[in-house]
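1. show me how the following folds:
(3 chains)
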Amino acid sequence: MTPAPSSIPELLDRARALAGRTIGELGGDLGVAVPDDQRRAKGLVGQMIERALGATAGSRAEPDFVQIGVELKSIPVNRQGRPQESTFVCTIPLSRIPEMDWGQSSLSHKLARVLWVPIESERGLPLPQRRIGYPLFWTPSHAETSLLQDDWEELAGRIGRGDIESITGHIGRCLQVRPKGANSRDRRRAPEADGAWMMTMPRGFYLRASFTESILRRLREEA
DNA sequence: GATTGATCATAC
DNA sequence: GTATGATCAATC
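-> So this is what the prediction gives:
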């Protein structure tokens, strides 16, 4: 068991030490069997990186590194370092959205400090052979924050007004609201326009790949 | 080829 | 059952 890092520099040192290693090698260190593909192991890499860096295991509504307030995100990138997928941030508390504002949102809290760990993830490259990339520590710039806040207010506003069924993945410049459940039959309670409640699919906030690409580009340019 | 909606595994 | 960790795969 790796102990929790006590400072951000310590976390960065650990993450840098992983850069260049393969998922197969990391699996060997952790005693984890790594399958060739991720169809039945979608969160495996993220959970392995968590363990290797000393994140608090398990599911809680807390940052991965509680003491230092840092969220860990592994992110699949192609050979050029470009993100290949959107990034899940958090589930949306549909029933509590009406009384929330941006400053209270779990989205703004989670994204205040993020450690991005790129994973080389070309389609077809077997999981054990994929390499861990150089980590990037992010705090949103003013421009990035206002982009996020604008999208959040638009999307949370619709949910709060009972307009959730008007939301598709097309809405939002940097954010998206998309289904986040076990399957399409999954249901949660959400506000309805007239003050009543409806049952609908659970949803989550995701960062668009184009947005995370701009974040990673900025961080690499500044490095 | 990029994007959206659907889905998979595990912890508690 | 709901949270965490995400990627898959049908569609645009």
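2. and the strands in chain A?
-> A:71-77, A:87-91, A:114-120, A:136-138, A:175-179, A:188-191, A:197-200, A:203-207 (DSSP state E).
3. give the partner strands of the shortest one in its sheet and their orientations.
-> Think strand A:136-138. Paired neighbours of strand A:136-138 in the sheet (DSSP bridges): strand A:114-120 (antiparallel).
4. the partner strand close to DNA strand C?
-> Yes - with C-beta under 7 Å from any atom of the strand as the criterion, DNA strand C is reached by strand A:114-120 at A:Ile119. For the C-beta atoms, the positions are set from N, CA and C on the backbone; glycine is no exception.
5. how about that strand as PDB, C-alpha atoms only?
-> Output of strand A:114-120 as PDB, limited to C-alpha atoms (Å, rounded to 0.1, in the frame of the first residue of the first chain):
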ATOM      1  CA  VAL A 114      -6.400  18.200 -11.300                       C
ATOM      2  CA  LEU A 115      -3.400  15.900 -12.000                       C
ATOM      3  CA  TRP A 116      -3.700  14.600 -15.600                       C
ATOM      4  CA  VAL A 117      -1.900  11.400 -16.300                       C
ATOM      5  CA  PRO A 118      -1.900  10.700 -20.100                       C
ATOM      6  CA  ILE A 119      -2.100   7.100 -21.200                       C
ATOM      7  CA  GLU A 120      -0.900   6.100 -24.700                       C
END
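6. near DNA strand B, which residues of chain A?
-> A:39-43, A:57-59, A:85-86, A:168-170, A:176, A:178-186, A:201, A:208-210.
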